[in-house]
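**Q** missing the sequence, but the structure's below:
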């Protein structure tokens, strides 16, 4: 195995936290996975880097040597990346390339539109995923420049070395009902009124499923089946009356279905943009975040029901 920069970050994190368990939490990895990775690094370097016991992990003489070199190399590489990114982004429209990943959310298409209008010669490469963790890892590895993700409630976005996040918007979660549903014409619905419903939602990692189950429990019932499927299938299930979908309030209205607020706002969804601090300049991050917020404003303009809801609910919408 050849030693890579990510291996040096692992060594520094273990030393900084004094524990493989704490280092795994900071890096967003499972503890067994980090232990296995550390063992491979030690084999590649030819010796033990840390003395590990119930009191924690302390560097060996070899570990001290590697740490000293790593603490010089990592800042130097981060500085190199930042300077290279600034040079690339200032070198002209024809050389700019933006690799942007997104989970299921309202901003990616509009962000591409606004970015393309501002930099018409730039290359834009989008990538979609159900997993915020996957996109975060790609940003950390330098394979994506930015990620647009959503997280449930007060949960933090995924953690990865070097990845930073900016909050863009806070939205409630609505329910998507068939247009002929008895509750479809209401300004909001009580979750308890949907106790007998079957449910559908788009898949993803994080705690949303647990938060939904907890919200149902507070409303006095346990939800029936929750079908995790793509957006089109969710809409089809709702339109046919086979399920009710959990949806973002920015959902573009379609024939046969209506998004309706849930009374008491039991579920929230926060929209973030992420980037690698060593690869993007603050000025470039601010520009991309601005384009993302412009895309969000476009979505609001097409969502009169949600715009009306926001007027009576300060603290939601754009951050």
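**A** Looks like it came in fine. None of these values were measured; they are calculated from a predicted model.

**Q** now the helices: where do they sit in the protein?
**A** All helices of the chain, identified by DSSP state H, fall at 5-17, 20-27, 31-45, 61-90, 108-118, 132-140, 208-218, 231-239, 282-301, 304-311.

**Q** so of those, which one's packed in deepest?
**A** Ranked by mean neighbour count, these are led by helix 132-140 with a mean of 22 (mean count of other CB atoms under 10 Å). In this view, the C-beta of every residue, glycine as well, is placed from N, C-alpha and C.

**Q** was I right about residue 58 contacting residue 18?
**A** Yes. With contact defined as CB atoms under 8 Å, residue 58 and residue 18 form a contacting pair (7.5 Å).

**Q** weakest of the helices of the chain by average pLDDT?
**A** With a mean of 81, helix 61-90 has the lowest mean pLDDT of those.

**Q** Off-centre distance for it?
**A** 26 Å (CA atoms, centre = their mean, to the nearest Å).

**Q** picking that back up, of all the helices of the chain, which one is nearest residue 175?
**A** helix 231-239 (9.1 Å; CB to CB).

**Q** isn't residue 102 right next to residue 147, touching?
**A** Yes. Between residue 102 and residue 147 there is a contact under CB under 8 Å: 7.0 Å.

**Q** ok, back up a step: mind putting the helices of the chain into a markdown table with distance to residue 202?
**A** Converted to a markdown table, the helices of the chain look like this (distance: least, CB to CB, whole Å):
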| stretch | distance to residue 202 |
| --- | --- |
| helix 5-17 | 31 |
| helix 20-27 | 27 |
| helix 31-45 | 27 |
| helix 61-90 | 32 |
| helix 108-118 | 14 |
| helix 132-140 | 12 |
| helix 208-218 | 10 |
| helix 231-239 | 6 |
| helix 282-301 | 17 |
| helix 304-311 | 18 |
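
**Q** tell me the domain boundaries of the protein?
**A** 5-87, 92-170+269-318, 174-266 (automatic domain parsing).

**Q** starting at the chain centroid, how far to the longest one?
**A** The chain centroid and the centroid of domain 92-170+269-318 are separated by 9 Å, computed with CA atoms, centre = their mean.

**Q** Tell me how far the residue nearest to residue 140 when sequence neighbours are not counted lies from residue 221.
**A** Distance criterion CB to CB, 6 or more residues apart in numbering; nearest residue to residue 140, sequence neighbours excluded, is residue 160 at 3.8 Å. From residue 160 across to residue 221, the span is 37 Å (CB to CB, to the nearest Å).

**Q** One more: residue 108?
**A** To residue 221, residue 108 is 35 Å away according to CB to CB.

**Q** tell me, how many neighbours does residue 266 end up with?
**A** Counted with other CB atoms under 10 Å, the neighbours of residue 266 add up to 18.

**Q** Just give the nearest non-adjacent residue to it, would you?
**A** Closest to residue 266 by CB to CB, 6+ apart is residue 215, at 3.9 Å.

**Q** Now for that neighbour: which residues touch it?
**A** 191, 266-267 (CB atoms under 8 Å, 6 or more residues apart in numbering).

**Q** picking that back up, overlap in contacts of residue 102 and residue 147?
**A** residue 135.

**Q** who's more crowded, those two?
**A** residue 147 (29 against 25).

**Q** my guess is that one meets residue 134, correct?
**A** No. Residue 147 lies out of contact with residue 134 (CB under 8 Å); the separation is 9.3 Å.

**Q** tell me the residue furthest from the middle of this structure?
**A** residue 61 (39.3 Å; CA atoms, centre = their mean).

**Q** what's the distance between that residue and residue 50?
**A** Applying CB to CB to residue 61 and residue 50 gives a distance of 11 Å.

**Q** overlap in contacts of these two?
**A** In contact with both residue 61 and residue 50: no residue, using CB under 8 Å, 6+ apart.
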